[in-house]
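Trainee: fold the following and give me the result.
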Amino acid sequence: MRPIIFSDLDDTIFQTARKMPDGELEHATLASEALNGSHSYMSPPQSLMMDWLLGSTRFIPVTARSTEALERCKLPFDDYQVCSNGAVILMPDGTRDLEWFETTKGHADAAAESLNALLSFVQNQTVPDRFRCWIVEEFGTGFYFCVKSNEGADRLDEVEEGLGDIAGIQFVRHRNDNNLSFTPAAISKRHAVEYLAAKLLDEARVPVFGMGDSLTDLPFMATCDMLVIPRNSQIDRKILHSERF
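Mentor: Here you go, the predicted model:
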């Protein structure tokens, strides 16, 4: 009968060193290792929060991270896990929910040509090595497109409009700091959370919390009973720090 928390990971419960609050990195806890050395850390309050949540709730990650990237997290996730923007649901034993995967794979296959067009657009930019981009794959299927700048987040302005023209209304655009991605509209964190919640709440109705930092997390958070957001997150800056407050 523990409460359920569906939670984003990056910039919600941990962040890279450059985003750590002043003076807290030396006291931080390593949360996830990155292949490029840009590891993620929890501040002391975040670390205490996670000890509390992992011990008292069903904590279910809902992340854009692939299953491979999620494995590099140091936190002991032992329940369901939602990966790749909702494309994959891992069961507590670490295996795929095959019914869900077959559904999202169908949507991804239908979007494959457009995903490759997004990738080609960035790869054909005139300035070499300005961007790094890839299609996030799971079990041999490409599910969404991601691009980051090697020269600062503002450089993404140079490609965002062109990518948006290719994506059209068939993709959901996400931009937060130095991350720009396009996910087929039929694949989402919200769809995955709704599917999973229907399973978990079948026999017992417990409080459900949604936690995230990005505007694109709001749709899955809105399906929950309560919404939790980090201070100074994209949601905080957009909503709570607007002039009407």
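
Trainee: now Ala110: how far from Arg72?
Mentor: Remark: distance between Ala110 and Arg72 (Cβ to Cβ, to the nearest Å) = 30 Å. Backbone N, C-alpha and C define where each C-beta goes, glycine included.

Trainee: just the strands in this structure please.
Mentor: 4-7, 15-16, 29-32, 40-42, 58-61, 81-83, 88-90, 131-138, 141-149, 171-176, 179-184, 208-211, 226-228 (DSSP state E).

Trainee: mean pLDDT, distance to Asp157 and mean neighbour count for those strands - can I get that in CSV?
Mentor: Formatted as CSV, the strands of the chain follow (pLDDT from 0 to 100; distance: least, Cβ to Cβ, whole Å; neighbours: other Cβ atoms under 10 Å):
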stretch, mean pLDDT, distance to Asp157, mean neighbour count
strand 4-7, 98, 30, 25
strand 15-16, 95, 22, 20
strand 29-32, 96, 28, 18
strand 40-42, 97, 26, 22
strand 58-61, 98, 31, 22
strand 81-83, 98, 29, 26
strand 88-90, 98, 31, 23
strand 131-138, 97, 12, 17
strand 141-149, 98, 9, 22
strand 171-176, 96, 10, 18
strand 179-184, 98, 10, 23
strand 208-211, 98, 30, 22
strand 226-228, 97, 30, 13
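
Trainee: could the ones you listed go into CSV alongside distance to Asp165?
Mentor: Formatted as CSV, these follow (distance: least, Cβ to Cβ, whole Å):
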stretch, distance to Asp165
strand 4-7, 33
strand 15-16, 31
strand 29-32, 34
strand 40-42, 33
strand 58-61, 33
strand 81-83, 29
strand 88-90, 29
strand 131-138, 16
strand 141-149, 14
strand 171-176, 11
strand 179-184, 11
strand 208-211, 32
strand 226-228, 33
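
Trainee: what's the closest of the ones you listed to Ala197?
Mentor: strand 208-211 (6.5 Å; Cβ to Cβ).

Trainee: the closest one packs against which elements?
Mentor: Here strand 208-211 touches strand 4-7, helix 218-221, strand 226-228, going by 3 or more Cβ pairs under 8 Å, 6 or more residues apart in numbering; DSSP states H and E.

Trainee: show me what the shortest one is packed up against.
Mentor: Applying 3+ Cβ pairs under 8 Å, 6+ apart, we find strand 226-228 packed against strand 208-211, helix 218-221.

Trainee: redo those as JSON lines? Include distance to Arg231.
Mentor: Shown next, in JSON lines, are the helices and strands packed on strand 226-228 (distance: least, Cβ to Cβ, whole Å):
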{"stretch": "strand 208-211", "distance to Arg231": "13"}
{"stretch": "helix 218-221", "distance to Arg231": "16"}
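
Trainee: and of these, who's closest to Phe145?
Mentor: helix 218-221 (19.2 Å).

Trainee: what residues does stretch 122-142 touch?
Mentor: For stretch 122-142, the surrounding residues in contact (Cβ atoms under 8 Å, 6 or more residues apart in numbering) are 64, 66-67, 83-85, 87-88, 96, 101, 105, 108-109, 112, 115-116, 118-119, 143-151, 155-156, 158-159, 163.

Trainee: buried among those? Make that a PyMOL selection.
Mentor: Buried subset of the contacts of stretch 122-142, written as a PyMOL selection, criterion 16 or more other Cβ atoms under 10 Å:
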select buried, resi 64+66+67+83+84+85+87+88+96+101+105+108+115+118+119+143+144+145+146+147+148+149+155+156+158+159+163
